[in-house]
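[1] just need the structure, nothing else, for what follows:
(2 chains)
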Amino acid sequence: MLRANPVTISNRILLRLPSRLRAVAAAALALSLLVSSPASSAEIAKADLEIRGSASSLTVVTISATTGIDIPVAIQTAFGGKQNDEAPLVEGLTAVAELTGPGLESPIRLETAPGRQFQIPGLSREGNYLLQNIRLMRGAEFLQSATPAVVSIAVANVLQTKVRVRQLSPEELRARGITVDARNFDTFEYTFSFFVNGQTVEIPYFVNIDRTTRAVLPVANETPYALPPITAVKPPRWTPPTAIPTELVEDVPYTPRPPDVEASGRPQFRPSIPAALIIPSSIGVLHQFRAGASENPLRDGHGGLLKQIIHGGLSYDDPIEVTSVDGAVTIAPGVTPPLTRLYPIYDEVGAGDLQLVLNQNAEIVARSVPNDPYGADTLSLSGAAADRIAVVGKKNDTGELTVEVSLRTTETLAASSIATGVRLATLDATGALVRKSAVEPQIDPANPSTIRWTLTYAEWQSLITVSPSGTEPNLLSIAATNTLRAAAWGAEVPILPAPDWAAATQPVYSSAALPIEARATLASLATFLAGIPTATTKTLTLYEVEGLPLLASAGGDHDIDSLLTATFHAHPMSSRLGQLDYVRARWLHRTTGTWLSPDPEGYRDSSNLYAFGGGDPVNGRDPSGEARRTKNGGMNWFGDWGDETDDGVGAIAIAKNTIGNTLSDLLMLDAWADANVVLGDSSRSGNERSIAAAKAGGIAALNLVGGEIVGTAGKALLKVPGAKNLVGKLGETKVAQVLATDVGSLLTKRSVQAANVADNAVASLADDTILTPWGTRSRSTGKFVVGERSGLDPVEDFIVQAEANGFEVLGREISFKTPFETRRIDVVLRNQATGQVGGVEIKSSLAEFSKLKKEQFAADRFINQRGATAVGENARQAGIKRIDSVMKILWER
Amino acid sequence: MDLNKGRRTITSTFQEPLHQRGFSEAKRLTFTRGTRDRIEIIAFGLRKAKVGSKAGHICFGVGVGVRFEAIERALRNKNTDDRELFPTVGLSLHLLRPERKYTEWCFDDTNSPSMEVISDVDQYAVPFFDRYQNIDDVRSALVSEDPRSWFTLSPAERREMLDAIATLQSAT
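    Next comes the predicted model:
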């Protein structure tokens, strides 16, 4: 504690006075002290001189200071107007002050030479400190108060950290060079502020948050962490099942396409789908990029590139790779079968139908035209075709004749095949060759799909003259040989023959050596050419199928046939993170397999306005989100009951529609409608139509008697009076086999649907979320051809395929607790690329779905909506605690 | 062989070799060693194959894991009552193998896979226990961007566990 001496008291008094009075009083006090000083005049002479002058006083330069905790600070003084080394040194004089503040129990006396700095030590507590009573002393003698005599020192916490968080707008993101999609990410800017030496230093830090997982995503170029090498995880690839496709109905013999074509011009046989493999909606296992197809005519009728989206989490424009075994190849036991990879391409602009099938070289091996202008439902194409052959006569101003003969094809031709690929010749009356034109054919540079011969009058006359052997020419023949090739097709694919309907009405012929040949009599040509006026051009068209894209032929390739008859369809656009597919009229939520909005067609195809494919995605399609189509394109007429009244609007119409759909389900009228489509299709084989008749007859018989068939459905149905008559020529054994499989499946499906109705009803009472039709989330994904793998555990088979496609198995037969029951899931998988974990319940037959209890459906829905906790030995063994999604798939052996 | 007999067979087969490695049977098909704060777990799960070449046989998998009580308390996992002995981080033994292919062992009339399992325990399980000695070891694995380092956790579970670990570490 300082002693309260008179000087201290005086200073305190001074501090209380107004500034002007304080200055006057201080001067008087200093003068009085000097006068009363006991020192000798000699000792103080110099100092007296300096002090008395206005330039000789002690002043404080640093009138306030700010520092951090434990950080020293200096208070500068001036003496005689000079600082530090420039200040005069007067022996015995000191500048003295006391430091007070919140961290000090008693004032600290500090001294320095006049004009030098007071060194304030580091202070450990925050607050305002005072360096006060700054004065000039000579020993213990007070000489003068400094001006000012008090300095304020603020001690603050320098590392005063604060964090501001705000979400950046897309514009701000772009301004910072961050290229993220604002729809997919939340990006926050964390600003770290540091208070250093009175200045605020801010450091912004950007953080991206994945909206789906809430995980923090690294910002590009700012993370110090290196990503794992990309080779660590193999990209998903589809490994084909080593199996040979077989027919769904095993006792129906496979009938290869006969060498000659029926009158309709289409194949007699279309193989059925051997089995259905449903790709889980959240597993994108069939991810394969197509390469090298840029030169192919993969454009739709609107000029846009054909694009497709396949269900199963694949992204926009990813072609799907389907691998199957050529059924014509005999595989020895233990030998790996040769594989064929095919790439179906779907039309995104249309209804998502299959358009093309490419091979591994991106060459077209088949093309499907669902709505061709000539009336057929579907043309399956296996090559390019000629669609116009013409003769053009030109006469110039002098009447000189030039003859141009042209052959146009549907696609760009391979230039190397032109020399031997076409023939211009004359024939005799019997069709025998008389003379070939010596003029070389040329590809029209403006139209690379057209070949042209340009003959002068002399060349024309030479062509139509009598042969050296004396044979009289009678016909002009313009033909493509079997070596002409289109550029986009494989070297083994010749120009297709003319369809029979065209050959029946136009002068066009086909043979093995000349797939297409047009003929015209020389007499008619002479008349035509003679009739051309001077300076005029006229055209005589011998053969033309305007707009014919391609001709129809499946080519007998079993794999391609299977692809063309499969009921794939594409979705135009998908949102991978949002799990949504845009399907023309509506958005489909892939995880739940339901539409996000009600059916714009009302109750036309289902009593559930949100059901995909009318609640039956296995047998139906829903290419537009408007109405279910059966496998073969049929529409269930009874499901429309009520649409004729009130345009489907209103309580009565809804009631009628609901009744109609319920009756439709109960009476299996979908199957009835589909079977009748097949029955009415004259292009179908006799076997197919017979089977369809059996189905239709069986259903009709079942409905007529109202029988309830369980178990051995076929045998039971055989006992129904009239059934055998309805099925015609197939006989009892075949009826039993057919109905045991098909009708039996329909019956089990019906019971599942009934359970689903109840299931949805329960859910609608307890849950305000979108209803989930049974199994659609895993069954709206597509169908793939797989073969029979007898004797193999389907779960093990699935595991092998999943592991080959970028998944790893975390555990098998894991139980999860739900309010409905403890649900045991066959396999729990992780996607190695994304880290997502999900459960898969595998059913090896459609009938197994019927075994699922209502509680199990409810449990699955619960898991998908809220997740479930794992319980039991197997969960502990596998280290699995929780699961957030589960899917049911049909994996047929 | 039914499931109960399968459980008894597993216990009788592996009790002694695991005991030699310091493990004791804490509950059925679950062997542990360590302190209450950090428990090393070897667990068995089994099923009866119904179809395929293994039909009728009892097949089982082996899992390894480490339970950190501090993390479990922070996470407040409902299913991680210490009596249940669920590992905090763990996985099936086949995921510790280089090829990471799903593997299970089956008892049949002539074959006992005990030597193969114990060999795998020595080769893969023991190094796993050594690798995850403390919470920071777990954190180091989970911060990786490679999902294969996340044990069996989903992305959301991984984030929760990292948050729990961060909370624990900041508290100390």
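
[2] spatially nearest residue to A:Asn128, not counting backbone neighbours?
    Once flanking residues are discounted, A:Asn128 sits nearest to A:Ala154: 5.5 Å by C-beta to C-beta, 6 or more residues apart in numbering or on different chains. To be clear about C-beta, it is placed using only N, CA and C from the backbone, and glycine gets the same treatment.

[3] name the SS class of the one you found, please.
    Put simply, A:Ala154 is strand when judged by DSSP: H, G, I helix; E, B strand; the rest coil.

[4] what sits against it?
    A:64-67, A:127-129 (C-beta atoms under 8 Å, 6 or more residues apart in numbering or on different chains).

[5] and A:Ile516, by the same measure?
    A:385-386, A:479-480, A:495-498, A:508-510 are the contacts of A:Ile516 under C-beta under 8 Å, 6+ apart.

[6] looking at those residues, which is nearest B:Ala43?
    A:Leu496 (64.7 Å; C-beta to C-beta).

[7] got the confidence number for the closest one?
    A:Leu496 carries a pLDDT value of 81.

[8] just give the number of residues close to it.
    24 (other C-beta atoms under 10 Å in any protein chain shown).

[9] against chain B, how distant is it?
    47 Å (C-beta to the nearest C-beta, to the nearest Å).

[10] for that residue, name its beta-bridge partners.
    Following DSSP bridges, A:Leu496 is listed with bridge partners A:Ala385.

[11] quick one: low-confidence ranges for chain B?
    B:77-83, B:109-111, B:172 (pLDDT under 70).

[12] in it, which spans are strands?
    Assigned by DSSP state E, chain B shows strands spanning B:24-27, B:30-34, B:38-48, B:58-68, B:89-92, B:105-107.

[13] so is the first one next to chain A?
    Same thing as strand B:24-27. No. For strand B:24-27, no contact with chain A is found by C-beta under 8 Å from any C-beta of the partner chain; the gap never falls below 9.2 Å.

[14] can you mark which positions in that strand are buried?
    B:Ala26 (16 or more other C-beta atoms under 10 Å in any protein chain shown).

[15] which residues does that strand contact?
    So strand B:24-27 is contacted by B:11, B:15, B:18, B:31-33, B:83, B:85 (C-beta under 8 Å, 6+ apart).

[16] A:Glu111: neighbour count?
    Residues near A:Glu111, counting by other C-beta under 10 Å: 12.

[17] hang on, I meant A:Leu427
    Neighbours of A:Leu427 (other C-beta under 10 Å): 20.

[18] residue contacts, it?
    A:433-434, A:473-477, A:519.

[19] 7 Å - rerun?
    A:433-434, A:473-475, A:477 (C-beta atoms under 7 Å, 6 or more residues apart in numbering or on different chains).

[20] and if you look at A:Thr77?
    A:58-61, A:95, A:112, A:114-118, A:146.

[21] could you rerun that using 8 Å?
    Neighbours of A:Thr77 in contact, by C-beta under 8 Å, 6+ apart: A:58-61, A:83, A:95, A:112, A:114-118, A:134, A:146.

[22] report the buried residues of stretch A:79-94.
    A:79-80, A:83, A:87-88, A:90, A:93-94.

[23] so which of those comes closest to chain B?
    Distance to chain B across the buried residues of stretch A:79-94 (C-beta to the nearest C-beta) is lowest for A:Gln83, with 48.4 Å.

[24] look up how far A:Val871 lies from B:Gly34.
    Plainly put, B:Gly34 is 23 Å away from A:Val871 if you go by C-beta to C-beta, to the nearest Å.

[25] between the two, who's got more neighbours?
    A:Val871 (19 against 14).

[26] tell me how many other residues surround residue 61.
    As the question left the chain open, I've gone with chain A. 12.

[27] sorry, I should have been clearer: chain B.
    24.

[28] same check on B:Ala166?
    12.

[29] contacting residues around the nearest residue to it once chain neighbours are set aside?
    Among residues not flanking B:Ala166 along the chain, B:Arg139 sits closest, at 7.9 Å (C-beta to C-beta, 6+ apart). Listed by C-beta under 8 Å, 6+ apart, the contact partners of B:Arg139 are B:162, B:165-166, B:169.

[30] just the residues you listed now: which is nearest chain A?
    B:Leu162 (9.2 Å).

[31] B:Ala74 versus that closest one, what's the distance?
    For B:Leu162, the distance to B:Ala74 - C-beta to C-beta - is 11 Å.

[32] could you do A:Tyr610 as well?
    With C-beta to C-beta as the criterion, A:Tyr610 and B:Ala74 are 41 Å apart.

[33] kindly report the same for B:Met115.
    Taking C-beta to C-beta, one finds B:Met115 at 40 Å from B:Ala74.

[34] among the two, which residue is more densely surrounded?
    B:Ala74 (19 against 9).

[35] surely that one meets B:Gln169?
    No. The pair B:Ala74 and B:Gln169 does not pass the contact test of C-beta atoms under 8 Å, sitting 10.5 Å apart.

[36] show the contacting residues for the nearest residue to B:Gly22 once chain neighbours are set aside.
    Leaving out its chain neighbours, the residue that sits closest to B:Gly22 by C-beta to C-beta, 6+ apart is B:Arg33, at 4.4 Å. Neighbouring residues of B:Arg33 by C-beta under 8 Å, 6+ apart: B:21-24, B:39-40.

[37] of these, which is the nearest to A:Ser449?
    B:Glu40 (73.4 Å).
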